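Student: how would this look folded up:
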Amino acid sequence: MTLTRMYSFDPAAGLELFQSGQIPESEQEWARFVPPQALEVLGKKEVERQSVLFEVFKSELDYVNDLQIIKDV
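Tutor: Residues are numbered from 1 along each chain as shown. A predicted model of the protein is given here:
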């Protein structure tokens, strides 16, 4: 299994690990959470689009975590 598809064997479990913060930031890429078949079917533009959307989700997750810290303090 390649590093790029590290979590794609079980995308739901990979996303759960991502949401719980158990995946290092360096490994948080959309393509790692997608089944290999999806990457093969989607065109380059769609893969890039999905990657950008995933970056937005990551930013939102960071924002929610920051709000939680502010609430706790």
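Student: where does the chain dip in pLDDT?
Tutor: Within the chain, the stretches with pLDDT under 70 are 1-9.
Student: swap the cut-off to 50 and go again
Tutor: 1-5 (pLDDT under 50).
Student: can you pull the buried residues of the helix or strand where I69 lies?
Tutor: Assigned by DSSP states H and E, I69 falls within helix 44-72. Residues of helix 44-72 classed as buried by neighbour count (16 or more other C-beta atoms under 10 Å): 50, 54. Every C-beta, even on glycine, is put in place using the N, C-alpha and C of the backbone.
Student: So what's the gap between it and the chain middle?
Tutor: Centroid separation between helix 44-72 and its chain, computed with C-alpha atoms, centre = their mean, to the nearest Å, is 9 Å.
Student: which residues touch F54?
Tutor: Contacts here follow C-beta atoms under 8 Å, 6 or more residues apart in numbering; on that basis F54 touches 29-30.
Student: scratch that, Q50
Tutor: Counted by C-beta under 8 Å, 6+ apart, Q50 has contacts 30, 34, 42.
Student: Skipping adjacent residues, who's closest to the last one in space?
Tutor: It refers to L42. Once flanking residues are discounted, L42 sits nearest to Q50: 7.4 Å by C-beta to C-beta, 6 or more residues apart in numbering.
Student: Right, I'll leave it there.
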